[in-house]
Structure formats: structure tokens, C-alpha cells
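Peer 1: Predicted model and sequence follow; I will ask about them next.
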Amino acid sequence: MFGLGSVIGAASLLPGGLAAAEASMVSTLVILGYSRTIAVSSTLVIRVGTLWFGAVIGTLVFLSYRAYRRRS
């Protein structure tokens, strides 16, 4: 399901596959028999963990490196 969402997100040509990946993940889970609430919440957890967590870590590293370079 994550793989399918990633492929559909990449095919959509949107940054990070936003909206297309989530829609495909939710619809796949609903087709498999999960409730819509479970499908949406698990998709949000997956997307936050895979997309935004890396962006936050990258931003923190960039800012700390920039602060380090200013001190030197």
C-alpha cells in the first residue's frame, strides 16, 4: 500500500506526491475493508513519518550548520 501510494504520487508529478499518494493509500485501505477513520489516520501517520519527519530533520541540520559556520 505504501509502495502503490509512492508510485501514484510520483506519477502525479506533484512535490512529494501530495494528495495523490494519500488518496491512493486511503482508498486502498478502504477497499481492503478498513474503516475510513482508520484508513485516514494510518495514512497520515505514515506520511508524517516518511515525508515531513525527513524535512524537519533536514531543516534542523541546515540551521545548526549555518549557525556553526557563523561562529567560525
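Peer 2: On my side now, so go ahead.

Peer 1: all helices of this structure, in order?
Peer 2: Using DSSP state H, the helices of the chain run over 2-11, 20-31, 36-47, 53-71.

Peer 1: okay if I get these as TSV plus mean neighbour count?
Peer 2: (Each C-beta comes from the backbone N, C-alpha and C, glycine too.) Formatted as TSV, the helices of the chain follow (neighbours: other C-beta atoms under 10 Å):
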stretch	mean neighbour count
helix 2-11	15
helix 20-31	18
helix 36-47	15
helix 53-71	9
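
Peer 1: could the ones you listed go into TSV alongside mean pLDDT?
Peer 2: Shown next, in TSV, are these (pLDDT from 0 to 100):
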stretch	mean pLDDT
helix 2-11	76
helix 20-31	91
helix 36-47	93
helix 53-71	93
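
Peer 1: Could you check how far residue 8 is from residue 59?
Peer 2: Residue 8 sits 27 Å away from residue 59, going by C-beta to C-beta, to the nearest Å.

Peer 1: oh, I was asking about residue 37
Peer 2: The value you get for residue 37 to residue 59, if C-beta to C-beta is used, is 31 Å.

Peer 1: ditto for residue 65
Peer 2: Distance from residue 65 to residue 59, by C-beta to C-beta: 11 Å.
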